[in-house]
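K.L.:
Compute the structure for the input listed below.
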Amino acid sequence: MERSLAGMGLLLAVAVVLSLSVSAWAELPGDVEEFVNHLGFLGYESEEKDTYISVTHDEKTSFTLQEYEGGILVRGFYGGSEYSKTHKGQFLDVVNELNVSATVMRAFVDSDGDLGLEAWFPADYDKVRFAIFVEAWQSDTGDLLLSRYDDLAEFLE
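P.N.:
Just a heads-up that it's a prediction; the model follows:
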């Protein structure tokens, strides 16, 4: 009986820790309006969802904003083609080459074979630092991806 109570206590402790880590994803930052206003000035449209903000632009990579580990996580995705699923090793090689040249973005292939792009902006909104961050994000997700268009084209829908 003693062991099962100790085991249940450990299980409860793990559940509490997991629920706290999930809540890091489930909240929007308190100063989210400042981030959204800044992006709006740059021509982005934003729509608040339950746990994130969807951000779109007619000419730039769409992405989401959400709070993560005391900062803002920016994530965008491009759908993977059937070719990407059957040639994952080649796709990963191209993605690794993107990561070598990226400034703030990291690229990855998710479990569905899609190209994921993400970057983390630390702490609270600061106009100058966020402007530098957005410029680097736009360069990584625009100029860098465009420079590798021939290598990426067959892997993306």
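
K.L.:
any residues touching stretch 89-106, and which ones?
P.N.:
Outside of stretch 89-106, the residues within contact range by CB atoms under 8 Å, 6 or more residues apart in numbering are 80, 84, 107-109, 113, 115, 117-119, 133, 136-137, 139-141, 144-145, 148, 151-152, 155. Where C-beta positions appear, they are placed from N, C-alpha and C, glycine not excepted.

K.L.:
An error on my part: the question was meant for stretch 54-67.
P.N.:
Contact partners of stretch 54-67, identified using CB under 8 Å, 6+ apart, comprise 24-25, 27-29, 32, 35-36, 39, 42-47, 51-53, 72-76, 117, 137-138, 141-142, 145.

K.L.:
Out of these, which end up buried?
P.N.:
Neighbour-count burial (16 or more other CB atoms under 10 Å) applied to the contacts of stretch 54-67 gives 28-29, 32, 35-36, 39, 44, 46, 52-53, 72-74, 76, 117, 137-138, 141, 145.

K.L.:
Among those residues, which are located in strands?
P.N.:
In strands, judged by DSSP state E, the following of the buried ones among the contacts of stretch 54-67 are found: S46, I53, I72, L73, V74, G76, L117.

K.L.:
will you turn those into TSV that also has pLDDT?
P.N.:
Output for these, formatted as TSV (pLDDT from 0 to 100):
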residue	pLDDT
S46	96
I53	95
I72	93
L73	95
V74	97
G76	97
L117	98
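
K.L.:
From those residues, pick the one nearest K127.
P.N.:
The closest of those to K127 turns out to be I72 (CB to CB; 14.0 Å).

K.L.:
OK, contacts around the closest one?
P.N.:
So I72 contacts P29, F35, L65, Q66, W120, F121 (CB under 8 Å, 6+ apart).

K.L.:
distance between the ends of stretch 59-78?
P.N.:
By CA to CA, to the nearest Å, the extent of stretch 59-78 from end to end equals 14 Å.

K.L.:
just to revisit the earlier point, which of the contacts of stretch 89-106 are buried? Put it as a PyMOL command.
P.N.:
Buried subset of the contacts of stretch 89-106, written as a PyMOL selection, criterion 16+ other CB under 10 Å:
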select buried, resi 80+84+107+109+113+115+117+118+119+133+137+140+141+144+145+148+151+152+155
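
K.L.:
quick one: buried residues of whatever helix or strand D93 lives in?
P.N.:
Taking DSSP states H and E as the definition, D93 sits inside helix 88-101. Neighbour counts over helix 88-101 (16+ other CB under 10 Å) mark F91, V94, V95, L98 as buried.
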